[in-house]
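# coords please:
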Amino acid sequence: MPDYKRATLRDDEGPEPAGDGSASPDSVEVGFRKGTAPLLSRLASRSQLELVLCTVSVSLALLLSVAVVALAIQYRRDPSHSTCLTDACVRVASKILEALDSETDPCQDFYQYSCGGWIKRNPLPNGRSKWSTFNSIWDQNQAIMKHLLENATFNSSSEAERKTQRYYLSCLKEQRIEELGSQPLMELIDKIGGWNITGPWNQTNFMEVLKMVSGTYRATPFFTVYVGADSKSSNSNIIQVDQSGLFLPSRDYYLNKTANEKVLAAYLDYMVELGMLLGGAKEPTQLQMQQVLDFETQLANITVPQAERRDDEKIYHKMSIAELQALAPAIDWLDYLAYALAPLELTDMEPVVVYGDAYLQQVSDLINDTDRSVLNNYLIWNLVQKTASSLDQRFETAQERLLETLYGTRKSCTPRWQTCISNTDDTLGFALGSLFVKATFDRDSKAIAEEMISEIRTAFEVSLDQLDWMDEKTRQAAKEKADAIYDMIGFPDFILDNKELDDVYDGYEVSEDSFFQNMLNFYNFSAKVMADQLRKPPNRDQWSMTPQTVNAYYLPTKNGIVFPAGILQAPFYARNHPKALNFGGIGVVMGHELTHAFDDQGREYDKEGNLRPWWQNSSLEAFKNRTECMTEQYSRYTVHREKVNGRQTLGENIADNGGLKAAYNAYKSWLQKNGEEKRLPALGLTNHQLFFVGFAQVWCSVRTPESSHEGLVTDPHSPDKYRVIGTLSNSRDFVEHFGCPLGSPMNPGKHCEVW
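Below is the predicted model:
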């Protein structure tokens, strides 16, 4: 998945932390990374967008008029009236037909068959590294939130909602931001003790700078510290420490210098440019930033790759602060943690969970062996790159040049409002979600979604009885875990209670006049919120995603699945769409998240969300044999002659395959109870075939070669094409309904199956 967030309130603006540096996962998502990089929110300008929408509307109208004539003929030839001719059916049939490539044999390449038309009609928008169904829905959600925040009659009785509008408006005040220039960040650097690149600095205050940069302003040099549920005692929160500290998306960018020469050069240029914008002279800035880059490369060398961190049992190490001090003595841990978690009282016997013990030991040695000026430059650089996106246009332009090299975007034309909506979502996302939900969410959808989850859960449990490799004791425990999975749909209830919502953001000061200060205030506020969690039990109803997010996730320590309102819309779900499409869309997403409870990581947690062995050895060995088949299968797939990492993507591939099977079986059960549905017109597909087409079309996407490379080295999901091809080529149901002959690409004969 994307990088895993455990914080109560998110402060993950800008590029996500490097994938290899993410913490042990506390949530696994269905696979849309809204925050992978700022460029993912960059659109065509508003006028361009309106032009595109206009063109699409005209095209759709022409398609519909042709379709209506065809449907009238079809209706006369359909004496049993088994075709659905409602407006909703006609419209969705038109969209599906437009996305198909009917000239491609579905048994040769089902992704091209399902998405070829969509790909042809969706050239990559300017400023985007990837475009997909997820991006399209997120853009629609952003437009709704813009309208709500800019409404002239905005008059909320919630202070949190009013803070949301003030924050958004402060971001829109570009003239004020331009007037301030680099001054806010330069003043902050002086306050911390200076920066060798731009002027005098305090050479004796390493720990003080570390505490400010990491504790107060939530940057993550060297390591990351957070408070979250203890994996082995999920009813209590605990301090957790993990590897971190790389700016580029993965250690691979630093270590594979030949393949990433252009990226490293662009990154150094970016570092130098920002240093100079903050007052550094060119030659000394160039020299010192090269030293920082060399230091990050040394960090990359000791950072453990993502694919080697999938066994939570192996990387979980519980110890006291005193033991952590002995492990990594370069840091005064009690001093650091007492500062970061103030005003809590800590002693050196406070328990801590460390997810990278060998890394911390090595990073301690690296700190001791590195010149203090380089360490200072690295620490302040972490602060600079975290806050620069809130400064004037020069900083944004510099970042765009780096992102062009890193992700392949050719031009950025994101309207300012869209950037500001994303920033507001990252900062006051649940208050923004309150506005979004009240304006858009169909409350009946919650009950319908809960019923679908129940049907999919039942189908999954039935399939457990059919597994000949699982012993009875483990099977019973697996059923109990599936029964215990806690589902949350749409939004957390507190956002609709003004007092509760206001209490969540109480203490966060927001002014309409200073965007930079609003951002700093949030870092400080979120640090206090994190500290406040330590002496409290985890809140089972706490959400890690805002309601407007187009995604879903599973939390191992809560054994819970969450489906925000943002994803409960077409093409994933619509009340007036055929059940085949709903089960193929949101149904597979539900099955995907449920199956995460039983993937190579989720299976290590019991029904209470505790990390402990609960499998019999015979079943565990059989499980590993089946996952090895899947690892080998996906490792054979390539994108631009670069291989998919079957080990890194294993958990998501298990979830994709298990989710599809559970959703399809649930659909079959629905048909047994309710009878066959009417078919969609003009497609020539049975409803069983429509289920698989609906699933595939969710993953239609286009992306740049650079973005594809980044995905291969950082993303725990397989590329979208292989999420479709890999999953369906393992499905005997798919092979049967499309009649794919043995030996064809979509029916290779060997089906990898775990659940």
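
# switch to C-alpha atoms for all contacts and neighbour counts from now on
Noted.

# Which strands or helices does the lengthiest strand in the chain pack on?
Ranked by residue count under DSSP state E, the longest strand found in the chain is strand 233-243. Contacting strand 233-243 under the criterion 3 or more Cα pairs under 8 Å, 6 or more residues apart in numbering; DSSP states H and E are the following elements: strand 223-230, strand 351-354, helix 357-368.

# Neighbouring strands - and their directions - for the second one?
Same thing as strand 351-354. Strand 351-354 has these partner strands in its sheet, going by DSSP bridges: strand 233-243 (parallel), strand 317-320 (antiparallel).

# Can you say which of these is packed in most?
strand 233-243 (a mean of 21; mean count of other Cα atoms under 10 Å).

# Helix 357-368 and that one, what's the angle between them?
When axes from the mean of the first three to the mean of the last three Cα atoms, to 10 degrees is applied, the directions of strand 233-243 and helix 357-368 differ by 40 degrees.

# Please export the C-alpha coordinates of strand 233-243 as CSV.
The C-alpha coordinates for strand 233-243 follow below in CSV (Å, rounded to 0.1, in the frame of the first residue of the first chain):
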residue,chain,number,x,y,z
SER,A,233,-1.4,-5.6,22.9
SER,A,234,-3.9,-3.8,20.7
ASN,A,235,-6.0,-2.4,23.5
SER,A,236,-3.1,-0.1,24.5
ASN,A,237,-1.1,2.6,22.7
ILE,A,238,2.6,2.7,22.7
ILE,A,239,5.5,4.8,21.4
GLN,A,240,6.8,3.4,18.1
VAL,A,241,10.0,4.1,16.2
ASP,A,242,10.9,3.1,12.7
GLN,A,243,13.3,3.9,9.9
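
# which strands and helices sit next to the following helix or strand past that strand?
Scanning forward in sequence from strand 233-243, with DSSP states H and E defining helices and strands, the next element found is helix 251-255. For helix 251-255, the contact count by 3+ Cα pairs under 8 Å, 6+ apart identifies helix 261-277, helix 282-302 as packing neighbours.

# buried stuff in helix 251-255?
Neighbour-count burial for helix 251-255 flags 251, 252, 253, 254 (criterion: 16 or more other Cα atoms under 10 Å).

# Out of those, which comes closest to residue 106?
Ranked by distance to residue 106 (Cα to Cα), the buried residues of helix 251-255 are led by residue 252 at 35.9 Å.

# Please tell me I have it right and that closest one contacts residue 713.
Yes. Here residue 252 lies in contact with residue 713, judged by Cα atoms under 8 Å, at a distance of 7.1 Å.

# hmm, back to that, out of the strands paired with strand 351-354, flag the one nearest residue 559.
The nearest among the strands paired with strand 351-354, by Cα to Cα, is strand 233-243 at 9.9 Å.

# After the helix or strand of the chain with the lowest mean pLDDT, which helix or strand is next?
Per-element confidence for the chain was summarised using mean pLDDT, DSSP states H and E. The lowest value among helices and strands belongs to helix 46-76, with a mean of 43. Next along the chain after helix 46-76, taking DSSP H and E as the criterion, comes helix 87-99.

# Any chance of the helices and strands packed on helix 251-255 in JSON lines with mean pLDDT and distance to residue 505 as columns?
Rendered in JSON lines, the data for those read as follows (pLDDT from 0 to 100; distance: least, Cα to Cα, whole Å):
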{"stretch": "helix 261-277", "mean pLDDT": "97", "distance to residue 505": "32"}
{"stretch": "helix 282-302", "mean pLDDT": "97", "distance to residue 505": "35"}
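
# and those as TSV, adding distance to residue 157?
Shown next, in TSV, are these (distance: least, Cα to Cα, whole Å):
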stretch	distance to residue 157
helix 261-277	42
helix 282-302	48
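
# Go through those helices and name the closest to residue 489.
Smallest distance to residue 489 across these (Cα to Cα): 38.9 Å, for helix 282-302.

# can you list contacts of the closest one?
Applying Cα atoms under 8 Å, 6 or more residues apart in numbering, the contact partners of helix 282-302 are 197, 222, 245-246, 251-252, 254-255, 268, 271-272, 275-276, 359, 362-363, 374-375, 377-378.

# buried ones in that helix?
Within helix 282-302, the residues that qualify as buried are 284-286, 288-293, 295-300, 302, counting by 16+ other Cα under 10 Å.

# Report the mean confidence score over the helix or strand just after that helix.
On the C-terminal side of helix 282-302, the closest following helix or strand by DSSP H and E is helix 312-315. Within the predicted structure, the mean pLDDT of helix 312-315 is 95.

# Please name every helix or strand in contact with helix 312-315.
The contact analysis (3+ Cα pairs under 8 Å, 6+ apart) places helix 312-315 against no helix or strand.

# Just the buried positions in it, please.
Buried residues in helix 312-315, defined by neighbour count with 16+ other Cα under 10 Å: 312, 313, 315.

# nearest residue to the second one other than its sequence neighbours?
Leaving aside its sequence neighbours, residue 313 sits nearest to residue 611 (Cα to Cα, 6 or more residues apart in numbering; 7.2 Å).

# got a list of what that neighbour touches?
In this structure, residue 611 makes contact with 231, 232, 233, 312, 313, 557, 604, 605, judged by Cα under 8 Å, 6+ apart.

# swap the cut-off to 10 Å and go again
With contacts defined as Cα atoms under 10 Å, 6 or more residues apart in numbering, the neighbours of residue 611 are 230-234, 312-313, 316, 556-557, 601-605.

# Which residues does it form beta bridges with?
Residue 611 forms beta bridges with residue 605, as assigned by DSSP bridges.

# pLDDT score for it?
Per-residue pLDDT puts residue 611 at 97.

# That one and residue 314: what is the separation?
Distance, residue 611 to residue 314, by Cα to Cα, to the nearest Å: 11 Å.

# coming back round to it: going by neighbour count, which of the contacts of residue 611 comes out on top?
Neighbours were tallied for each of these (criterion: other Cα atoms under 10 Å), and the maximum of 30 neighbours falls on residue 556.

# And this structure, what are its domain boundaries?
For the chain, the domain assignment from automatic domain parsing gives the residue ranges 86-124+445-485+568-755, 182-411.

# Identify the residue spatially nearest to residue 342, adjacent ones excluded.
In space, residue 342 is closest to residue 531, 6.8 Å off (Cα to Cα, 6+ apart).

# The one you found: neighbouring residues, count only.
By other Cα under 10 Å, neighbour count at residue 531 equals 21.

# same deal with residue 463?
Using other Cα under 10 Å, residue 463 has 15 other residues around it.

# ditto for residue 351
Applying other Cα under 10 Å, I find that residue 351 has 18 neighbouring residues.

# isn't it right up against residue 319?
Yes. In this structure, residue 351 sits in contact with residue 319. The criterion is Cα atoms under 10 Å, and the distance is 5.6 Å.

# tell me the mean pLDDT over stretch 746-755?
Here stretch 746-755 scores 94 as its mean pLDDT.
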